[in-house]
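S.K.: Got a sequence here, can you build the structure:
(one chain, ligands or ions: 3)
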Amino acid sequence: MSPRYVVLGPPGAGKTTVGQLLAARLGVAFRDTDEDVVATAGKPISDIFTTDGEPAFRALEEEAVAKGLAEHDGVLALGGGAVLSAATRARLAAHTVVFLNVGMAEGVRRTGLSTARPLLAGVNPRATFKALLDARLPLYREVATIEVDTDALEPEQVVDAVLARADLT
Ligand SMILES: Nc1ncnc2c1ncn2[C@@H]1O[C@H](COP(=O)(O)OP(=O)(O)O)[C@@H](O)[C@H]1O
Ligand SMILES: O=C(O)C1=C[C@@H](OP(=O)(O)O)[C@@H](O)[C@H](O)C1
Ligand SMILES: [Mg+2]
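M.R.: Ligands and ions are numbered 1, 2, ... in the order given. All right, here's what the predicted structure looks like:
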């Protein structure tokens, strides 16, 4: 069993939103590793970061991704930082991996009103987002089999683009 599509990319790229729409379009189940982590920890992501620290969150996330890849056959969305784990990147090698990209301005705009992402809750979200993109873009591209730039697309158009790209592979 293997997910039809694994969806990754920076916060605000639309992994959760587009992943759900893609799953609905295909008539398959949707799963999000962030939700699995919250269920396992029994508390919200912001609390895990505050109480237990980011390394504890990353360990839970690595486990949730491994389980999702092994158990789920629909669309699996990852958290934006899941690719920081070399073990996760190695596990993604055999999968159809969709990288949803978003630039700094649009990414900050989309995530700006939410307090749910502790990494972006600092004083300078633009600088934080830029540093995050610089560090992670090579990692997303290392594992991606399909890349879609979402900046100028509505979520349903992103689904169209993913499926059009998938037809070509
Ligand atoms: N293509 C898009 N165009 C406009 N807004 C979007 C798009 N994709 C997602 N959003 C919005 O951006 C916010 C973050 O989306 P989300 O799916 O949670 O991203 P991620 O899971 O990648 O962090 C949500 O408010 C969502 O409605
Ligand atoms: O980029 C990150 O490191 C994170 C992204 C979040 O998920 P989304 O990318 O779905 O917002 C969530 O996993 C956590 O707040 C850490
Ligand atoms: Mg998400």
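S.K.: Quick check: residue 61 touching residue 83?
M.R.: No. Shown here, residue 61 and residue 83 do not form a contact pair, counting by C-beta atoms under 8 Å, at 10.4 Å. Every residue, glycine included, has its C-beta placed from N, CA and C.
S.K.: So residue 146 versus residue 69, what's the distance?
M.R.: In this view, residue 146 and residue 69 are 17 Å apart by C-beta to C-beta, to the nearest Å.
S.K.: count of residues packed around residue 147?
M.R.: Residue 147 has 16 neighbouring residues, counting by other C-beta atoms under 10 Å.
S.K.: which parts of the protein sit against ligand 1?
M.R.: Within the chain, the residues that sit near ligand 1 (C-beta under 6 Å from any ligand atom) are 9, 11-17, 80, 110, 150, 153-155, 158.
S.K.: so which pair among the residues you listed is furthest apart in space?
M.R.: Greatest spatial distance among the residues of the chain next to ligand 1 (C-beta to C-beta): 80 and 154, at 20.4 Å.
S.K.: In terms of neighbours, single out the busier of these two.
M.R.: residue 80 (24 against 11).
S.K.: Excluding chain neighbours, what is closest to that one?
M.R.: The shortest distance from residue 80 to any non-neighbouring residue, by C-beta to C-beta, 6 or more residues apart in numbering, is to residue 11 (4.4 Å).
S.K.: Look up how far residue 4 lies from the one you found.
M.R.: 23 Å.
S.K.: list the contacts for the nearest residue to residue 83 once chain neighbours are set aside?
M.R.: Closest residue in space to residue 83, ignoring its immediate chain neighbours: residue 139 at 4.2 Å, by C-beta to C-beta, 6+ apart. Residue 139 makes contacts with 83, 84, 89, as judged by C-beta atoms under 8 Å, 6 or more residues apart in numbering.
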